[in-house]
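> Mind looking at a prediction? Sequence and model below.
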Amino acid sequence: MPLATRVVNRMFDNDPFSQWLGIVRVEDGAGSSVIRMTVSEEMLNGFGIAHGGIAYSLADSALAFASNGHGIKSVSIETSVSHTRPVKAGDVLTATARELSLTSRFGIYEVSVENADGRTVALFKGTVFRTGEPWDV
């Protein structure tokens, strides 16, 4: 089993929030991640659309899985998101994280969140600090 998959297995098994979101892992990689979830009614805000934190949280999980996939414990130090389209209950969202830059101490990632029609609903950017501590997997 690849290192990235072993690391993400360990992370996901101890991540009740990602589990509550209903995240399904599609692809694990060193510096990349593809995950998917379905938006439920309880994730909606007062406007009847998904709370902004839902797409953000999905993207943040993709960032965590991608950045830790190298086998070095990494934590986010700066993130931002732009919401480009409304998300409704029942929408299936896919977050695709890709590595833009990696050094021994920092990584920069871009995460695109798309709906089932392939339309971008959110763009997320994250910077992680690489602790230097390897995952014991």
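Cool, got the structure.

> Could I get the full set of helices for this structure?
Assigned by DSSP state H, the chain shows helices spanning 3-13, 16-21, 52-68.

> Could I get those helices in CSV, plus columns for distance to Glu99, mean neighbour count and mean pLDDT?
To be clear about C-beta, it is placed using only N, CA and C from the backbone, and glycine gets the same treatment. What follows is the helices of the chain, written out as CSV (distance: least, CB to CB, whole Å; neighbours: other CB atoms under 10 Å; pLDDT from 0 to 100):
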stretch, distance to Glu99, mean neighbour count, mean pLDDT
helix 3-13, 12, 17, 98
helix 16-21, 20, 14, 96
helix 52-68, 6, 24, 98
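
> and these as a markdown table, adding distance to Val39?
Converted to a markdown table, the helices of the chain look like this (distance: least, CB to CB, whole Å):
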| stretch | distance to Val39 |
| --- | --- |
| helix 3-13 | 19 |
| helix 16-21 | 9 |
| helix 52-68 | 6 |
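
> what about those helices, which gets the closest to Trp135?
Shortest distance between Trp135 and the helices of the chain, using CB to CB, is found for helix 3-13: 4.7 Å.

> Quickly note the distance from Arg130 to Glu41.
38 Å (CB to CB, to the nearest Å).

> Comparing these two, which residue is more hemmed in?
Taking other CB atoms under 10 Å, Arg130 and Glu41 do not tie; Arg130 has more neighbours (18 against 9).

> So the more buried one sits against Gly71, correct?
No: taking CB atoms under 8 Å as the definition, Arg130 is not a contact partner of Gly71, at 10.4 Å.

> so what does the longest strand that the chain contains touch, helix or strand wise?
Using DSSP state E to define each element, the chain has its longest strand at strand 120-134. Under the contact criterion of 3 or more CB pairs under 8 Å, 6 or more residues apart in numbering; DSSP states H and E, strand 120-134 touches helix 52-68, strand 72-83, strand 106-114.

> Tabulate these in JSON lines, adding columns for distance to Gly31.
Converted to JSON lines, the helices and strands packed on strand 120-134 look like this (distance: least, CB to CB, whole Å):
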{"stretch": "helix 52-68", "distance to Gly31": "6"}
{"stretch": "strand 72-83", "distance to Gly31": "10"}
{"stretch": "strand 106-114", "distance to Gly31": "8"}
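
> Cool, thanks, talk later.
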